[in-house]
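Novice: pasted the sequence and its predicted model underneath.
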Amino acid sequence: MQEEKVLGVIPNASLSTGFLRSKLYTLVVTNRRIIAARVTKDLIKKEKLKRKAEASKEGHGRFRQMLRSFMANFTFSDRYLDMIPEEILSETPDNFFVAPEDIIETKLTEGIVTEDEDGNTSQYPHSLYIKTNKNRYKFSFNGNFAEIKNLLNRIEA
């Protein structure tokens, strides 16, 4: 069997946990499964400090250090591209995975883009519904729908 490898990430995926409640995750897609990696304030803080320290070590000034730290908010999920799946799963107790063999039903829905009379556009998020033997998950996220669909289709059953 082929070694499991990370194929890509879907950042800022909001998992519905109840009426008007949700938790933020990064969906890490591997060739074998989807790993839901919980995004916590503590993890973001650690990533910011790490990036600031790296910039300092490279000899950059305070402004560049601050900029690198700030950018962690937008590129946080990219860190999973260099991690192994088991490391991702063990990062927080809220992390979990969904394997193809456990899935009963899935539905990927493209978000709608609307435009008002002034020409302002609004993007409603895409959604991914997964029903397994034990749970139901509904994630909402933004991004290029075609790329996300292609990424999810690369999971081997």
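Specialist: It's in. Remember, predicted model here, so these are calculated numbers, not experimental data. Numbering: from 1, shown residues only.
Novice: next one: the closest residue to Glu101 other than its chain neighbours from Tyr129, what distance?
Specialist: Sequence neighbours aside, Ala157 is the residue nearest to Glu101 in space, at 7.7 Å (criterion: Cβ to Cβ, 6 or more residues apart in numbering). Just so you know, the C-beta spots here come from the backbone N, C-alpha and C atoms, and that holds for glycine as well. Ala157 is 18 Å from Tyr129, where distance means Cβ to Cβ, to the nearest Å.
Novice: okay, now the residue nearest to Glu101: neighbour count?
Specialist: Applying other Cβ atoms under 10 Å, we find 7 residues neighbouring Ala157.
Novice: surely it meets Ile103?
Specialist: No. Ala157 is beyond contact range of Ile103, at 9.1 Å (criterion: Cβ atoms under 8 Å).
Novice: okay, which residue is most central for the chain?
Specialist: With distances taken as Cα atoms, centre = their mean, Thr26 lies nearest the centre of the chain, 2.0 Å away.
Novice: just grab the bridge partners of that one for me.
Specialist: Ala37 (DSSP bridges).
Novice: name the element the residue of the chain most remote from its centre belongs to?
Specialist: Within the chain, Glu117 marks the point farthest from the mean C-alpha position, 33.4 Å out by Cα atoms, centre = their mean. Assessed by DSSP states H and E, Glu117 sits outside every helix and strand.
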